[in-house]
Each structure stands twice: as C-alpha cells, then as structure tokens.
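**Student:** Turn this into a model:
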Amino acid sequence: MFKLYLARGQYEEAGQVAVLMAEEEQKAGNYRTAHDTLLATHQQLRERGAKPPEALRSRLSLLHSYTLARMHVRRGDHLIAARLLSRVAANISKFPARKFYYFFFIK
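**Tutor:** As a prediction, this is how the structure comes out:
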C-alpha cells in the first residue's frame, strides 16, 4: 500500500501507512527497524517535495532519541543519554517493558 500511495502522489496516506508499519515493528521490540522505516519514508517524502505528516515526524524523533541514547550509554556519555531519555520516558508506553529494561545493561 505504501508504494502505491507514493506512486499516486498520495503522500499523506503513504506517511500514515509508514507510521502503522513502524508501530507494528516497535510493538515487536524492533526499534531500529521502525526507525529505519520512518527515516526512509521521511526522506522519500522530502525528495518528492511533500511535507511528512506530523505523526511520522514525532514518531521518528522519539525513536531517534532512543537510538542516540543507546549509543551514548555505550560510550559512557550518561548526561547526554539522560537528556535524550527524558523524551523517551514521557512516551514509555510506546516501548515494550521487556526490551526497555535491558537498555541500561547493554555495553
């Protein structure tokens, strides 16, 4: 459906489908896949001169914060990671608990 909407120039609908696909990946704990899906969609929409939907941009921002926080924890930059995690903590319901607890123990 996503590719069909892109081909027909229905960018708002394409963005909504991408958000739904990323949401399913996120529920399964595949945060990197969800992030990559949203990032690719965001780039494709921008290349076509369309403004990505707000839902796509906010979900991408949230997943990007999570991804960057993981990187900073591994590097030992805990202050930066804490700042990024403040955004994630406000939306903790979008991250399954079983995966989130492991976040702090990954080196």
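**Student:** Next, count neighbours for Leu62.
**Tutor:** Other residues within reach of Leu62 by the criterion other CB atoms under 10 Å amount to 21. Every residue, glycine included, has its C-beta placed from N, CA and C.
**Student:** by contact count, what packs against the host helix or strand of it?
**Tutor:** Here Leu62 sits within helix 54-75, counting by DSSP states H and E. The contact analysis (3 or more CB pairs under 8 Å, 6 or more residues apart in numbering; DSSP states H and E) places helix 54-75 against helix 11-27, helix 31-47, helix 78-90.
**Student:** Distance to Phe2 and mean neighbour count added to those helices, as JSON lines?
**Tutor:** Shown next, in JSON lines, are the helices and strands packed on helix 54-75 (distance: least, CB to CB, whole Å; neighbours: other CB atoms under 10 Å):
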{"stretch": "helix 11-27", "distance to Phe2": "5", "mean neighbour count": "19"}
{"stretch": "helix 31-47", "distance to Phe2": "8", "mean neighbour count": "18"}
{"stretch": "helix 78-90", "distance to Phe2": "26", "mean neighbour count": "14"}
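**Student:** I am finished for the moment; much appreciated.
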